[in-house]
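1. Pasting the sequence and the predicted coordinates here, then a few questions.
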Amino acid sequence: MGRKNKRFREIASLIDQSKVYALDEAVDILKKCPSVKFDQTVDISIKMGVDPRKSDQQVRGTVSLPNGTGKTRLVLVFAQGEKVQEALNAGADFAGANELFDKVKGGWTDFDAVVSTPDMMREVGKLGKVLGPRGLMPTPKAGTVTTDVATAVKEIKGGKIEFKLDKQAVFNNGIGKLSFTKEAIVENFRFFIKAIARAKPSTAKGQYFKSIFLSTTMGPGLKIDLKEVEV
């Protein structure tokens, strides 16, 4: 307990909760925080000025982070015939049809992303109770329902992530690892922000970005100056 308290005190001495931080300064502080035994994820939390209950104000899409996420993502592909081998050749961790349907239906979810060919979606749709709550259901908009399974797998493995508002109009996404250089974290941050700016619904009124916080898995949350999102 003593070590934990010491860590909290060290973190508290580095930050000012009432302050709004420039992006570079925030990343510097997160890197200075006492280390833990694993490579922490750098998380971004963005409160948006839209109403996610309205279908015309949904904000979602995908973005390929230039420096990846630092996480090896396990990809499952629902396909048949030659598409199975195409997926495996592209780096898919699991690919197939009936056997995988049964496995997922039984509650198996040891994967981070799901891709499906269009002809499989009737069956994949039946897995909604398992995949839906975990945000794993493939969609054409996210590029995960496609005949080009090889490209979809390569993009996911290369750092392509999906962003989608929760019910409180907040995005919560990992945008890299603390071991990344400051420049890599900043570049990923800016790519992520620009993707959300591009996805702005025409019906969105008023201030689009309300607040942004940057944090790490075991570190503090630092409020980022909204001037950083002038894109």
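-> Perfect, I can see it now. Numbering: from 1, shown residues only.

2. Leaving out the residues flanking it, which one is nearest to Ser179?
-> The shortest distance from Ser179 to any residue other than its chain neighbours is 4.9 Å, reached at Asp39 (Cβ to Cβ, 6 or more residues apart in numbering). In this view, the C-beta of every residue, glycine as well, is placed from N, C-alpha and C.

3. who's in contact with that neighbour?
-> Contact criterion Cβ atoms under 8 Å, 6 or more residues apart in numbering gives Gly70, Lys177, Leu178, Ser179 as the residues in contact with Asp39.

4. so which pair among the residues you listed is furthest apart in space?
-> Gly70 and Leu178 (8.8 Å; Cβ to Cβ).

5. so what sits against both of the two?
-> Shared between the contact lists of Gly70 and Leu178 (criterion: Cβ under 8 Å, 6+ apart) are residues Asp39, Thr41.

6. Just the contacts of Asp39: which are in strands?
-> Assignment to strands by DSSP state E places the following of the contacts of Asp39 there: Lys177.

7. Quick check on the contacts of Asp39: which are buried?
-> Judged by neighbour count, with 16 or more other Cβ atoms under 10 Å as the criterion, the buried members of these are Gly70, Lys177, Leu178.

8. Could you dump those into a markdown table and include distance to Tyr21?
-> Shown next, in a markdown table, are the buried ones among the contacts of Asp39 (distance: Cβ to Cβ, whole Å):
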| residue | distance to Tyr21 |
| --- | --- |
| Gly70 | 22 |
| Lys177 | 20 |
| Leu178 | 16 |
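
9. I'd like the residues you listed written out as CSV, with pLDDT and distance to Arg190 added.
-> Formatted as CSV, the entries for these read as follows, by pLDDT from 0 to 100; distance: Cβ to Cβ, whole Å:
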residue, pLDDT, distance to Arg190
Gly70, 89, 17
Lys177, 95, 17
Leu178, 94, 18
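
10. okay if I get the contacts of Asp39 as a markdown table plus distance to Phe78?
-> A markdown table is the format used below for these (distance: Cβ to Cβ, whole Å):
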| residue | distance to Phe78 |
| --- | --- |
| Gly70 | 27 |
| Lys177 | 29 |
| Leu178 | 34 |
| Ser179 | 34 |
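
11. Write down the beta-bridge partners of the residue nearest the centre of the chain, one by one.
-> In the chain, the centroid-proximal residue (Cα atoms, centre = their mean) is Asn173; its distance is 4.0 Å. Here Asn173 shows beta-bridge partners Ile44, assigned using DSSP bridges.
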